[in-house]
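**Q** Any chance you can model this:
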Amino acid sequence: MSNFEWLMAVVLLTSLGVIGYAYFGYPVLIWAASRLFGRDRPRPEVSDDELPTLSLLIAAYNEEAEIGRRIENALEMDYPTEKLEIVIASDGSTDRTCAIVRSYERYGVKLLDFPQRRGKATVLNDAIPLLSGELVMLSDANTYTHAASAHRLVSWFRDPKIGVVCGRLVLTDPATGSNVDGLYWKYETFLKKCESRLGALLGSNGGIYAMRKAHFQGIPRETIVDDFVIPLLAVKRSGCKIVYDRDAVACEETPARLTAEFHRRARIGAGGFQSIGLLSGLLNPRHGWMSLSFTSHKILRWLCPFAMIGALVANAFLVNDPTFLALFVAQVGFYVVSLAAGRLPAKPRILRYPRLATMFTMMNAALLVGFFRWIRGEQSAAWKRTARVQEIAEPIAGRTAPSAFPAPAPVAG
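**A** Numbering: from 1, shown residues only. Model (predicted):
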């Protein structure tokens, strides 16, 4: 082999090594470490009298189709009324969102109407200092929480070392409301459980997490992925712990269109690259398992699109060797399958396995798009609403709240 071919072989094997470790090696490593060195923290039992004050904050932009149902769901939470504050912060909504929220003021719901749209990070910076609760529970307008979830999240804060608690987000079908957690989502949930056992959980599910208000000291107004940055900044600043409670449940519809999911992932990708500078201190080995999980689960994962391109291009220069030719054919075949599998129906269940190739390729393509949006400064911090099923199709008869758990009862007029 020439020197150039040796270089290409190194690029190829390094690229494949990065991909293999990020998606397969790290899960095995973190699982083994969590078994050997981690521990399951028992959730403290806390009576209603011992519960601290809690503020539920929902940032919303043009959510007239959803906000009423979401408020009714919040009012059904099993938490002492006198200790619960429900606040909707409107980020320059131009539809009937604010009017609908005001119609619930008689039930104690508060509206923070910010007239100019500035982005979620700025809304959170302005809204959280105005909240009265010792703890803040953050959620989204299209996320529905189980009645017991707030109590479960809050009970963890009896331990003064706990600063953030992340709940479990269940994905539901937009047409039927049934649970559609895919293999990839279950894979990510598995990693959360392992990382939580080691005190190395990264970020939260934006739809359901809680934190001590004192740990929120503001985030840069251009922050894109606030639910990732806020918890980790709390860890970086205070040394607190993040825990995961899989029984504190919320559900959220998957996007009705694949293009919407792609744009959502591209936005998250741009936010991920943006956050590296802000959170780079967590790469320091003094943070222990947190350093390992941040490097492996995030940094190397975000590098995978470049590793995929590097592996394919480097392999193309080595096809004169039979072994490398077979590897090149395998790579090309994988991408062909990923393109074809995207057109396969969801059933029978066996077809979901080739669809994993589609998800893997789409996810990394979205990360690549997100990188270029970030590098060019094209990704705005102001979020764009994802079109939901009732906005792009005929309304579904009898559709109320997602049915991953019982729908909330309507509030009496």
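**Q** okay, CA-based contacts and neighbour counts for the rest of this
**A** Noted.
**Q** quick one: the helices in the stretch 101-250 of the chain?
**A** With helices called from DSSP state H, counting those that start in this stretch, the stretch 101-250 of the chain shows them at 120-127, 149-155, 183-197, 226-238.
**Q** Residue 360: which of these is closest?
**A** Distances from residue 360 to each of the helices of the stretch 101-250 of the chain were compared using Cα to Cα; the shortest belongs to helix 183-197, at 8.9 Å.
**Q** Tell me which of the helices of the stretch 101-250 of the chain lies nearest to residue 62.
**A** helix 120-127 (12.8 Å).
**Q** Which single strand of this structure contains the most residues?
**A** Among the segments of the chain that qualify as a strand by DSSP state E, the longest is strand 241-253.
**Q** tell me the most buried of the helices of the stretch 101-250 of the chain?
**A** helix 149-155 (a mean of 23; mean count of other Cα atoms under 10 Å).
**Q** other SSEs contacting that helix?
**A** Taking 3 or more Cα pairs under 8 Å, 6 or more residues apart in numbering; DSSP states H and E as contact, the helices and strands that helix 149-155 lies on are strand 162-172, strand 209-212, strand 241-253.
**Q** Mind putting those strands into CSV with mean neighbour count?
**A** Compiled in CSV, the helices and strands packed on helix 149-155 are given as follows (neighbours: other Cα atoms under 10 Å):
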stretch, mean neighbour count
strand 162-172, 24
strand 209-212, 26
strand 241-253, 23
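**Q** Compare the ones you listed and give me the one nearest residue 112.
**A** Closest to residue 112 of the helices and strands packed on helix 149-155 is strand 209-212 (Cα to Cα; 19.5 Å).
**Q** partners of that closest one in the sheet?
**A** If you go by DSSP bridges, strand 209-212 pairs up with strand 135-140 (antiparallel), strand 162-172 (antiparallel).
**Q** comparing those strands, which gets the lowest mean pLDDT score?
**A** Across the strands paired with strand 209-212, the stretch with the lowest average pLDDT is strand 162-172; it has a mean of 90.
**Q** Other residues contacting stretch 98-111?
**A** Around stretch 98-111, the neighbours that count as contacts under Cα atoms under 8 Å, 6 or more residues apart in numbering are 64, 67, 68, 71, 85, 86, 87, 88, 89, 90, 113.
**Q** And the furthest pair within those?
**A** Across those, no pair lies farther apart than 64 and 85, at 21.0 Å, counting by Cα to Cα.
**Q** ok, back up a step: quick one: which of the strands paired with strand 209-212 is nearest residue 32?
**A** The minimum distance between residue 32 and the strands paired with strand 209-212 falls on strand 162-172, with 22.3 Å, by Cα to Cα.
**Q** Report the distance from that closest one to the chain centre.
**A** 9 Å (Cα atoms, centre = their mean, to the nearest Å).
**Q** And for it, what's in contact with it?
**A** For strand 162-172, contacts defined as Cα under 8 Å, 6+ apart pick out 149, 153-154, 156-157, 178-181, 189, 204-205, 207-212, 215, 231, 234-235, 240-254, 402, 404.
**Q** Run through the helices of the stretch 301-413 of the chain in chain order.
**A** With DSSP H, counting those that start in this stretch, the ranges of helices along the stretch 301-413 of the chain come out as 322-341, 352-375, 389-392.
**Q** Residue 193 is nearest to which of those helices?
**A** Across the helices of the stretch 301-413 of the chain, closest to residue 193 is helix 352-375 (Cα to Cα), at 21.6 Å.
**Q** Please spell out which residues along the closest one are buried.
**A** Buried residues in helix 352-375, defined by neighbour count with 16 or more other Cα atoms under 10 Å: 352, 354-359, 361-374.
**Q** go on, stretch 89-106?
**A** Neighbour-count burial for stretch 89-106, counted by 16+ other Cα under 10 Å, picks out 89, 90, 91, 92, 93, 97, 98, 100, 101, 104.
**Q** what does stretch 280-293 give?
**A** Taking 16+ other Cα under 10 Å as the basis for neighbour counts, the residues of stretch 280-293 that come out buried are 282, 283, 287, 289, 290, 291, 292, 293.
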